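Q: This is the structure alone, sequence omitted:
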């Protein structure tokens, strides 16, 4: 965990603050409604915001994944799916780019997208992941998890983005560090539902680089396994 350097004031205990962050997301309370046992709510929010912007949370996740894989606790039967999250009502009036006197003035709100796939949603600004789906202004979360449901890779796209086009970019983000050698990037199997059963994912060189179809599969799907849950 990061430590205070120089002559700055010592930080409040990380365990206390992280438990406050976990409590907030588990219960859904407002930051200012956090119980006093976690310390000042401003400290909890600032610590969370700082760790999110400087990459601390991502570094911690990579370390935890590497330790779990070294201990044999990562199940490489990877499942892929997505979920849509409605944007907050305040984001409905998010400001966009404006051109004034040949100068582009940009003001942004909303979530940051880490999707680098140029084929998906070319009209969506690259600085956020807000789009309009049937449910309104929303963001879609694409996740690849191991066989025990623990996250391995996550991508954000606008809510109207399709699932199938994000399969290969999502699998390309798989990478668990190892103590010796290169990171592991290839799963044993990939499980997905019918939303991923496109020909681009079941045939061709791009699919063979990420998927390993089972010869017992009864019909083409994006699943690399004949597990019955893949067709539900």
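A: Good, I have the coordinates. If you're wondering where the values come from, they're calculated on a predicted model, not measured in any experiment. Residues are numbered from 1 along each chain as shown.
Q: Can you report how many residues neighbour residue 60?
A: 13 (other CB atoms under 10 Å). The way it works is simple: take the backbone N, C-alpha and C, and place the C-beta from them, glycine included.
Q: Which secondary structure state is assigned to it?
A: helix (DSSP: H, G, I helix; E, B strand; the rest coil).
Q: and if you look at the one 5 residues further on?
A: The assignment at residue 65 comes out as helix when based on three-state DSSP.
Q: in the sheet, who's paired with the nearest residue to it once chain neighbours are set aside?
A: Nearest non-adjacent residue to residue 65, counting by CB to CB, 6 or more residues apart in numbering: residue 176, 4.8 Å away. Counting by DSSP bridges, residue 176 forms beta bridges with residue 184.
Q: contacting residues for residue 176?
A: Residues in contact with residue 176 (CB atoms under 8 Å, 6 or more residues apart in numbering) are 62, 65-66, 69, 74, 152, 183-185.
Q: Reformat the residues you listed as JSON lines; add neighbour count, pLDDT and distance to residue 169.
A: What follows is the contacts of residue 176, written out as JSON lines (neighbours: other CB atoms under 10 Å; pLDDT from 0 to 100; distance: CB to CB, whole Å):
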{"residue": "62", "neighbour count": "15", "pLDDT": "89", "distance to residue 169": "19"}
{"residue": "65", "neighbour count": "21", "pLDDT": "90", "distance to residue 169": "19"}
{"residue": "66", "neighbour count": "17", "pLDDT": "91", "distance to residue 169": "22"}
{"residue": "69", "neighbour count": "19", "pLDDT": "89", "distance to residue 169": "22"}
{"residue": "74", "neighbour count": "20", "pLDDT": "89", "distance to residue 169": "21"}
{"residue": "152", "neighbour count": "24", "pLDDT": "90", "distance to residue 169": "14"}
{"residue": "183", "neighbour count": "13", "pLDDT": "88", "distance to residue 169": "17"}
{"residue": "184", "neighbour count": "17", "pLDDT": "88", "distance to residue 169": "18"}
{"residue": "185", "neighbour count": "13", "pLDDT": "87", "distance to residue 169": "13"}
